[in-house]
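> predicted model and sequence follow; I will ask about them next.
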Amino acid sequence: MWKKIEFAIVLLLLAVLIMMSNHLEEMVSSGRVTGRNPCIVLDSGHGGEDPGKIGVNQAKEKDVNLKIAKKTKERLEKKGWKVVMTREKDVMLGDSAAGNKKIHDMKARVERINKTMPQAAVSIHQNSYQDAQIHGAQVFYYSHSEEGKRMAEVMQKALLKADEENTRQAKANDTYYLLKRTEVPTIIVECGFLSNPEEAAKLVSPKYQEKLAEAIAEGILACMEN
Ligand SMILES: [Zn+2]
């Protein structure tokens, strides 16, 4: 008799444990435990006095970043996501009268991301290198963030689909200010190399910008499903 009661109690405890763990998982994924809001932050790198990289075709990185970010925003909104942009104009962030404007700009971006507490933040940039042959989009994540790593790998996959010549892989980084200081999973998408004549020409074309935006939005949506 006692054996049966003991067995029933153990079974009951097990059932309660399973129910609790299911509920916890649900709470984590819905953001109640993480404290994250149901939105995405898109960060357009550089702006205003800070042009970022200058392309071999004289394209300014800040302009390419903003165009791709805006197109990505449109796509995410169509899928029902709320999108917060760190900038929507050609401006630097932070106090324009401050001493080191670049540092204030970076701090303002991090602050905006941490205040918004999105599900994830994606910072959009363009690359440059002394060897003009180097090309292809690449995603960076914070070395100490498992979530960031997972996101970067999903995003890199989406970007590879948009450019069959690209063989780059997501890469860890532990020095970028934005990756280090944000409190939500953050990745940096370097869409391509402005130092490569062919890629620089593509990066300023609205058609390729659309293609990249499509890939970035797809990558974000895939990350949110996981
Ligand atoms: Zn940049």
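Right, received. Where do you want to start? Since this is a predicted model, take the numbers as computed values, not measurements.

> per-residue confidence at residue 207?
pLDDT for residue 207: 97.

> pretty sure it is in a helix, no?
Yes - using DSSP: H, G, I helix; E, B strand; the rest coil, the assignment for residue 207 is a helix.

> can you tell me how far it is from the ion?
22 Å (CB to the ion, to the nearest Å). All C-beta spots, glycine's among them, are computed from the backbone N, C-alpha and C.

> check residue 39 too.
Where the ion is concerned, residue 39 sits at a distance of 23 Å (CB to the ion).

> tell me how far the closest residue to that residue other than its chain neighbours lies from residue 66.
Spatially, and ignoring its direct neighbours in sequence, residue 39 is nearest to residue 82 (3.9 Å; CB to CB, 6 or more residues apart in numbering). Distance of residue 82 to residue 66, computed by CB to CB, to the nearest Å: 19 Å.

> the closest residue to the ion within the chain in helix, strand or coil?
Nearest residue of the chain to the ion (CB to the ion) works out as residue 125 at 3.5 Å. Using three-state DSSP, the structure places residue 125 in strand.

> so it touches residue 47, yeah?
No - taking contacts as CB atoms under 8 Å, residue 125 lies outside contact range of residue 47: 11.6 Å.

> quick check: neighbours shared by these two?
residue 65 (CB atoms under 8 Å, 6 or more residues apart in numbering).

> was I right to think residue 77 contacts residue 84?
No - using CB under 8 Å, residue 77 is not in contact with residue 84; the gap is 11.2 Å.

> looking at the two, which is more packed in?
residue 84 (17 against 13; other CB atoms under 10 Å).

> mind picking out the helix or strand in the protein with the poorest mean pLDDT?
In the chain, no helix or strand scores lower on mean pLDDT, DSSP states H and E than helix 2-29, which sits at a mean of 65.

> can you list the domain ranges for this protein.
1-33, 37-225 (automatic domain parsing).

> count the residues that sit near residue 46.
The burial count for residue 46: 24, using other CB under 10 Å.

> please name the residues that touch the residue most central in space within the chain.
The chain has residue 122 as the residue nearest its centroid, 2.1 Å off, counting by CA atoms, centre = their mean. Going by CB under 8 Å, 6+ apart, residue 122 touches 40-43, 72, 155, 186-189, 216, 220.

> go through those and flag which are in strands.
Mapping these onto strands (DSSP state E) picks out 40-43, 186-189.

> partners of whichever strand or helix holds the residue nearest to the centre of the chain in the sheet?
Element membership for residue 122, per DSSP states H and E: strand 120-127. According to DSSP bridges, strand 120-127 has the following sheet partners: strand 39-44 (parallel), strand 186-193 (parallel).

> residue 224 should be in a helix, yeah?
Yes - residue state for residue 224 (three-state DSSP) corresponds to a helix.

> I appreciate the help and will end here.
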